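Enquirer: next input, structure requested:
(chains A and B)
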Protein chains: 2
Amino acid sequence: MEAASGGTSISSDRLAHLTGHTAAQVRRDLAYFGNFGKRGVGYSVSDLSNQLVSIVGIDHNWNMALIGAGNLGKALLAYKGFEQRGFKIVGAYDNDARKIGSTISNLTVESLSKLSESAKRLDIQLAIIATSAESAQEVLDLSVDSGIMAVLNFAPVRLNAPDTVQIANVDLTVEVEYLSYWLTNK
Amino acid sequence: MEAASGGTSISSDRLAHLTGHTAAQVRRDLAYFGNFGKRGVGYSVSDLSNQLVSIVGIDHNWNMALIGAGNLGKALLAYKGFEQRGFKIVGAYDNDARKIGSTISNLTVESLSKLSESAKRLDIQLAIIATSAESAQEVLDLSVDSGIMAVLNFAPVRLNAPDTVQIANVDLTVEVEYLSYWLTNK
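Expert: Numbers count the residues shown, from 1 in each chain, chains lettered A, B, ... in the order given. You can find the predicted model right below:
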């Protein structure tokens, strides 16, 4: 909300311009969550910001398990973005004996067999799967059995989970296809 | 196009169902690129598939440079998804003397000072930035000076480039916020 800095309120027109939507869409989408705006005045910047943080659920911290301590796992442990948004990796797990016991970004890699116990003790609600495609389904099943309801999957494979569990797949190649399209049609 | 397997044509209704859009949107979006469908018949599956591959520019290979041979860089070099879609990492670059000369996934890491010469010799059209946020702008400037027009940026920072250069930012945390929203509102 950089363009609103200095102001105490912001119009749906301005929000539409900043986000690339129409003012009607902005008003309708925000109205879905409650009665935030004032006709002719707009939205209070501080109120709206607080409401959005609460709606998205980033008004408190979430504890996460990282599964797979290979290069991608190490990179994700070092990535600052998660913690900046309140997502804290509190445990790292692998089933490779050479990795178990090693320390990465201040966390000691534990055996995957410890996941279930850790998930309860550390109140882990999300798991990041950074394993190979071959191991990912087995790891997901173990996460589900450990009571973890939300999974961020970096393995390049579609996973099957019960309807009560939410999986978000991260495909590292989506954006490169956008660049390919741009290069082809520029 | 799994649901079309066995069939030789597919309707805009079916495509809409598979992609989560409306049939009108599907027809309008495809019409933007040409006159593919036949009224009352639909789209030839093989023609449509070939056309889409050509439009997105994945009917030929693209050579890419990877800049930053840390954990994320190593993970991206090992990631199969790029090559499956025709994006081949043909050079890896870093400015850390401890990394230069090391071999990762069959590529020898070269000094960043070699980028410009390599880009021309190897016909590199895209660069992947997998450096720290602090180094990313300098690396982008060097890529632009090397004639690279499209950049996939994994560093958690917004970069400035000329209008003639396209940057796609990969934010590894977007999907985790979606999971947070889901956990909060389930």
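Enquirer: chain A: helices as residue ranges?
Expert: For chain A, helices defined by DSSP state H occupy the ranges A:12-19, A:23-31, A:45-56, A:71-78, A:81-84, A:115-121, A:133-145, A:174-185.
Enquirer: contacts for the longest one?
Expert: With contact meaning C-beta atoms under 8 Å, 6 or more residues apart in numbering or on different chains, helix A:133-145 is reached by A:65, A:67-68, A:95, A:112, A:115-116, A:119, A:127, A:129, A:131, A:151, A:153, A:155-157, A:159-162, A:165, A:167, B:80. Placement of C-beta: from N, CA and C, glycine included.
Enquirer: and if we set it to 10 Å?
Expert: With contact meaning C-beta atoms under 10 Å, 6 or more residues apart in numbering or on different chains, helix A:133-145 is reached by A:65, A:67-68, A:93-95, A:112-113, A:115-116, A:119, A:124, A:126-132, A:148-151, A:153-162, A:164-165, A:167, B:80-81.
Enquirer: re the thing from before, so which of the helices of chain A is the most surrounded?
Expert: helix A:71-78 (a mean of 22; mean count of other C-beta atoms under 10 Å in any protein chain shown).
Enquirer: and the pLDDT for the residue nearest the centre of chain A?
Expert: Taking C-alpha atoms, centre = their mean as the criterion, A:Leu152 is the residue nearest the geometric centre of chain A, at 6.9 Å. Note for A:Leu152: predicted pLDDT of 95.
Enquirer: what helices or strands is the helix or strand bottoming out on mean pLDDT in chain A leaning on?
Expert: Least confident element among the helices and strands of chain A, by mean pLDDT, DSSP states H and E: helix A:81-84 (a mean of 83). Using 3 or more C-beta pairs under 10 Å, 6 or more residues apart in numbering or on different chains; DSSP states H and E as the contact test, the elements touching helix A:81-84 are strand A:62-67, strand A:87-94, helix B:174-185.
Enquirer: reformat the ones you listed as CSV; add distance to A:Tyr32.
Expert: Converted to CSV, those look like this (distance: least, C-beta to C-beta, whole Å):
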stretch, distance to A:Tyr32
strand A:62-67, 23
strand A:87-94, 25
helix B:174-185, 11
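Enquirer: okay, domains of chain A per the record?
Expert: With domains defined by automatic domain parsing, chain A comprises A:2-56, A:62-169.
Enquirer: returning to that earlier point: gap between the least confident helix or strand of chain A and the chain center?
Expert: 9 Å (C-alpha atoms, centre = their mean, to the nearest Å).
Enquirer: counting neighbours, what do you get for the closest residue to A:Asp47 other than its chain neighbours?
Expert: Using C-beta to C-beta, 6 or more residues apart in numbering or on different chains and skipping residues adjacent in sequence, the residue nearest A:Asp47 is A:Phe36, 6.7 Å away. As a burial measure, A:Phe36 scores 15 neighbours (other C-beta atoms under 10 Å in any protein chain shown).
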